[in-house]
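> what follows is a predicted structure for the sequence shown.
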Amino acid sequence: MILVLRALGVGDLATAVPALRAVRAGYPDEELVLAAPAWLGPLVGLVGGVDRLLATDGPGPPPWPGPPPELAVNLHGRGPQSHRTLAGAGRLLAFRCPPAGHLDGPDWRDDEHEVDRWCRLLDWYGIPADRTDLALRRPASGRMPAGVTVVHPGSKVEAKRWPADRFATLAGRLAGRGHRVVVTGSTGERELAARVAAGAGLPASAVLAGRTDLGELAALVAAARLVVSGDTGVGHLATAYRTPSVLIFGPVPPARWGPPPDRPWHRALWASGEDCGGSSGVATASGWAALPVDRVLAAVDEVEETVRV
C-alpha cells in the first residue's frame, strides 16, 4: 500500500492532482490510498487513480488502522508534524526536515507555486510529474443548471474575501449584461451569499450556498459560462474544468496559487505594489479590498473575448 497525506481543502486537493497522478503512474500495481477529509470524497472520485480514501482531518496520530504502509508520500506540508504522522511507514517521500529526523528529500521553497512544489518533490525522487495535468473528470450534471455564471464571494480564510458589497455590485452588473448569475458558498456562507444576491437584485432562488454538495458544486462549475471568485477552491475547480474564470487574489499573490499563466481563458487579479500602497509586490489588505469592480468587469470582457476567438 502507498499512502499519500493531503488532509486539507478543495484547492489543496486540486493543486495536488498532478502529483497524485505521478504517484499512480510510478506505482501502477500498488494500492493508492489518500489520507484526506471524508467530505472531499466526491472530489477524490473525480481525480481518478485513487483506490481508497482514508478519512483524516489533519496531521496527528498515524492514520492507518492496520500495518503501516510500505511507502508514504507527504503532500501535506513541510513538517515536522506531518512528517511525524507518516514516520512509521517503510519509506517516506517528503521534503527535507531535520527536526522530524527526515534528512532526505529536497529543500522547501516558500515562494514556489503550490502545483510546482509537489511536482518538484516527486521529480527529486525520480517520479516524473506533469504540472499541466490538472483536469478532473466531469461529473454528471444532475440537477445543476448549465451555462450559469457562478459568483463565489466566500472563503474559509476571511482575509481572502473581497468585500461583499463589491461582489454584489459585480453580480448585479453581470446580470444586467444577460448573465444568469448564481451565488455559491458553504452552509456557513449562506448569509453572505444571500446578502450579495440581495444587493445585486437577484431572486432568492439564485442563492445556491449551502444547497449543493461538493460533487454538485463541481458539476455546476464544469458546465458554467463563467466563474468569478476569490482565492479559494471554486477557482481551482474552474481551472480543472477549463471554465472561463476571473479570480480575485489577495493578499497572497496568484504566483503561489493562481491558474496556469498559459491559459488565456483564466484571469487572476491582484492589486500589488503602488496599486495598493504597498511595496516589493506585497498586497496590503486595504489596497486589495479596494480593487475596483470595473477592473474585474474588464477582466470578464477579456476572458469572454478570448473564448469567442
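Everything's here; your move.

> C-alpha from now on. contacts and neighbour counts both.
Will do.

> okay, domains of the protein per the record?
Using automatic domain parsing, the domain parsing of the chain gives 2-124, 149-308.

> tell me the mean pLDDT for the longest one?
Mean pLDDT, domain 149-308: 88.

> picking that back up, ok, which of the domains of the chain comes nearest residue 135?
With CA to CA as the criterion, residue 135 lies closest to domain 149-308 of the domains of the chain, at 4.3 Å.

> what helix or strand is residue 267 on?
strand 266-270 (DSSP states H and E).

> hang on, residue 227 is in a helix, isn't it?
No. Counting by DSSP: H, G, I helix; E, B strand; the rest coil, residue 227 falls outside a helix, being strand.

> adding mean neighbour count, write the domains of the chain out as JSON lines.
Below are the domains of the chain laid out as JSON lines (neighbours: other CA atoms under 10 Å):
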{"stretch": "domain 2-124", "mean neighbour count": "19"}
{"stretch": "domain 149-308", "mean neighbour count": "20"}
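
> distance to residue 141 added to the ones you listed, as CSV?
Output for the domains of the chain, formatted as CSV (distance: least, CA to CA, whole Å):
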stretch, distance to residue 141
domain 2-124, 13
domain 149-308, 5
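
> residue 118 and residue 74 touch, don't they?
No. Using CA atoms under 8 Å, residue 118 is not in contact with residue 74; the gap is 9.1 Å.

> what segments of the stretch 51-200 of the chain are helices?
81-85, 114-124, 164-176, 190-200 (DSSP state H, counting those that start in this stretch).

> which one of these lies closest to residue 23?
Comparing the helices of the stretch 51-200 of the chain by CA to CA, helix 114-124 comes nearest, at 7.9 Å.

> run the chain-centre distance for that closest one.
16 Å (CA atoms, centre = their mean, to the nearest Å).

> what is it packed up against?
helix 17-26, helix 254-257 (3 or more CA pairs under 8 Å, 6 or more residues apart in numbering; DSSP states H and E).

> closest one to residue 108 among the ones you listed?
Per CA to CA, nearest to residue 108 of these: helix 254-257, 13.7 Å.

> just the CA coordinates of that closest one, formatted as PDB?
C-alpha atoms of helix 254-257 as PDB (Å, rounded to 0.1, in the frame of the first residue of the first chain):
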ATOM      1  CA  PRO A 254      -1.500  34.400  -7.800                       C
ATOM      2  CA  ALA A 255       2.100  33.300  -8.400                       C
ATOM      3  CA  ARG A 256       1.600  31.000  -5.400                       C
ATOM      4  CA  TRP A 257      -1.900  29.600  -6.000                       C
END
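
> what lines up beside the strand holding residue 267 in the sheet?
Applying DSSP bridges, strand 266-270 is found paired with strand 245-249 (parallel).

> and the strand it pairs with, how far out from the chain middle?
With CA atoms, centre = their mean, you get 12 Å for strand 245-249.

> now stretch 117-137
On CA atoms, centre = their mean, the centre of stretch 117-137 falls 16 Å from the chain's centre.

> and for stretch 166-182?
On CA atoms, centre = their mean, the centre of stretch 166-182 falls 23 Å from the chain's centre.

> any chance you could list what contacts that stretch?
147-151, 153, 195-202, 206-208, 292-293, 296-297 (CA atoms under 8 Å, 6 or more residues apart in numbering).

> one more time with 6 Å, if that's ok
Contact with stretch 166-182 is made by 148, 149, 150, 196, 199, 200, 206, 207, as judged by CA atoms under 6 Å, 6 or more residues apart in numbering.

> likewise for stretch 53-71?
Residues contacting stretch 53-71 (CA under 6 Å, 6+ apart): 1-2, 7, 33-38, 82, 85, 89-92.

> just the terminal-to-terminal distance for it.
Stretch 53-71 has an end-to-end distance of 16 Å (criterion: CA to CA, to the nearest Å).

> and if you look at stretch 107-125?
Termini of stretch 107-125 sit 13 Å apart (CA to CA).

> average pLDDT for that stretch?
Average pLDDT, stretch 107-125: 97.

> what of stretch 40-53?
95.

> for residue 183, find the nearest of the helices and strands packed on helix 114-124.
Nearest to residue 183, of the helices and strands packed on helix 114-124 and by CA to CA, is helix 254-257 at 22.5 Å.

> distance from the chain centre to the closest one, please.
11 Å.

> and that helix, what does it pack onto?
Using 3 or more CA pairs under 6 Å, 6 or more residues apart in numbering; DSSP states H and E, no helix or strand is in contact with helix 254-257.
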